[in-house]
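> give me a model of this one.
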Amino acid sequence: MERVYNFSAGPSIMPVPVLEQCAKEMLNYGGSGMSVMEMSHRSKVFIEIANNTEALLREIMGIPSNYKVLFLQGGASLQFSMLPMNLMVNSKIMETIDTGQWASKAISGAKPFGTVNVLASSKETNYDHVPAIDESKISPNADYFHMTSNNTIYGTRQIDWPNTGNVPIVCDMSSNILSEVYDVSKFGVIYAGAQKNMGPAGVTVVIIREDLIGHAPAGTPPMLDYKIHAESDSMYNTPPTYGMYIAGLVYQWIKNLGGVAAMQKINEEKAGIIYDAIDNSSLFKGTVVKKDRSLMNVTFVTGNEELDAKFVKEADKLGMVNLKGYRTVGGMRASMYNAMPVEGAKALAEFMKKFEMENK
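A predicted model of the protein is given here:
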């Protein structure tokens with residue numbers, strides 16, 4: 001069977017060259033006589049893999065030298081608790097905006113550790129936009145300001161970033177890291193699960209400014225203390241070795257394409273193809289305010305649940321899979337992460353036009 005166009009929200013499509021290299025090296029990596037997944041994380045061969053993976057990420061993201069890069073486990077969901085355990089230690093105040101399910105989970109994760117001030121929310125309109133932030137309401141003594149850069153479920157994207165002064169911005173970039181250029185120096189912490197743009201599920205990358213490390217209160221379990229992981233180069237315990245190896249291959253793939261800036265242009269092209277199909281359609285309608293549209297997750301509906309289901313079913317038969325929208329939005333969701341080729345977006349747009357003609 002030929003490969004399908006996988007529009008899954010995650011775990012998601014992987015770059016074919018990366019999968020091919022994994023297959024080639026599966027039984028014998030670099031003449032070692034074994035697979036990477038069989039190696040000791042303390043071995044010289046794997047240490048080289050880990051160092052190369054970090055160096056590539058630093059290069060393509062332009063990560064400053066005063067930031068640590070940690071390869072952890074537990075997904076972004078563990079970070080919802082790990083972050084406040086390490087950062088909500090002075091005023092015990094976290095400030096944020098509520099832009100969807102993952103922002104809401106970050107809020108819930110922080111509440112046991114202090115006060116969470118939600119400065120704006122788009123919940124009342126089913127998160128169809130990113131709410132504006134009144135910067136005058138930001139507490140100058142807050143420990144950090146939490147944000148979510150992209151919302152997989154609702155299809156919105158943070159475009160306007162607040163001036164928080166000395167309050168560090170902590171951002172969950174799980175669903176759009178490496179998809180567009182960000183100035184890392186504007187953030188205190190960037191964290192992301194790997195399973196959308198960086199590799200397989202199981203790896204969580206945390207990019208953290210060094211001055212934010214080392215403040216966990218006494219009694220914090222070692223596995224939940226950034227300082228422990230930073231001092232041990234992410235090897236306090238056995239790290240997600242094979243996932244780190246694949247992440248390194250993905251970083252090299254992005255570098256070979258021309259870096260994150262080149263990747264962003266490709267993503268803008270892909271998203272533009274589908275949004276143009278929606279905007280020029282009398283059947284399909286987008287579910288979010290245009291100015292806040294995501295590059296990664298395009299959400300749309302016909303307004304008829306039976307017709308939506310028919311669209312998803314017929315698309316699946318044509319090799320365009322996992323287009324069903326999340327239950328709180330319904331309709332369709334086309335997740336087009338970095339590895340989705342432009343041809344996938346074009347194929348979906350053409351099918352949308354054909355489907356509309358046949359279902360007027």
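> and the residue nearest to K285 when sequence neighbours are not counted, backbone torsions?
Spatial nearest neighbour of K285, excluding adjacent residues (Cβ to Cβ, 6 or more residues apart in numbering): V301 at 5.8 Å. Glycine gets a C-beta too; all of them are placed from N, C-alpha and C. Taking degrees, to the nearest 10, you get phi -140, psi 160 for the backbone angles of V301.
> do I have it right that V301 meets F311?
No - counting by Cβ atoms under 8 Å, V301 stays clear of F311, with 9.6 Å between them.
> residues in contact with stretch 122-141?
Residues outside stretch 122-141 that contact it (Cβ atoms under 8 Å, 6 or more residues apart in numbering) are 90-91, 93, 95, 97-100, 117, 119-121, 145, 151, 153-154, 156-160, 162-167, 287-289, 291-292, 328-329.
> can you flag the buried ones in the residues you listed?
Buried members of those, scored by 16 or more other Cβ atoms under 10 Å, are 93, 95, 97-100, 119, 121, 145, 151, 153-154, 156-158, 162, 164, 167, 287-288, 292, 329.
> residue ranges of the strands in the stretch 151-300 of the chain, please?
Using DSSP state E, counting those that start in this stretch, the strands found in the stretch 151-300 of the chain span residues 156-157, 169-172, 189-193, 204-209, 285-286, 297-301.
> does A345 count as helix, strand or coil?
Classification of A345 using DSSP: H, G, I helix; E, B strand; the rest coil returns helix.
> ok, back up a step: quick check: neighbours shared by V301 and F311?
Common neighbours of V301 and F311, using Cβ under 8 Å, 6+ apart, are M332.
> in terms of neighbours, single out the busier of those two.
Between V301 and F311, F311 has the larger neighbour count (other Cβ atoms under 10 Å), namely 26 against 21.
> what's that one sitting at in phi/psi?
Dihedral pair for F311: phi -60, psi -50, per degrees, to the nearest 10.
> separation between it and M82?
Distance, F311 to M82, using Cβ to Cβ, to the nearest Å: 40 Å.
> ok, now D316?
Computed as Cβ to Cβ, the D316 to M82 distance reads 38 Å.
> the two: which is more packed in?
It is M82, of D316 and M82, that has more neighbours when counted by other Cβ under 10 Å, with 25 against 14.
> for that one, which non-adjacent residue is closest in space?
Spatially, and ignoring its direct neighbours in sequence, M82 is nearest to L224 (5.2 Å; Cβ to Cβ, 6+ apart).
> and the one you found, how many neighbours does it have?
For L224, the count of nearby residues is 16 (other Cβ under 10 Å).
> quick one, what contacts it?
Per Cβ under 8 Å, 6+ apart, neighbours of L224: 81-82, 85-86, 216.
> helix/strand/coil for V118?
What three-state DSSP gives for V118 is strand.
> OK, contacts around the nearest residue to it once chain neighbours are set aside?
Spatial nearest neighbour of V118, excluding adjacent residues (Cβ to Cβ, 6+ apart): D98 at 5.3 Å. Applying Cβ under 8 Å, 6+ apart, we find D98 in contact with 104, 107, 118, 120-123, 131.
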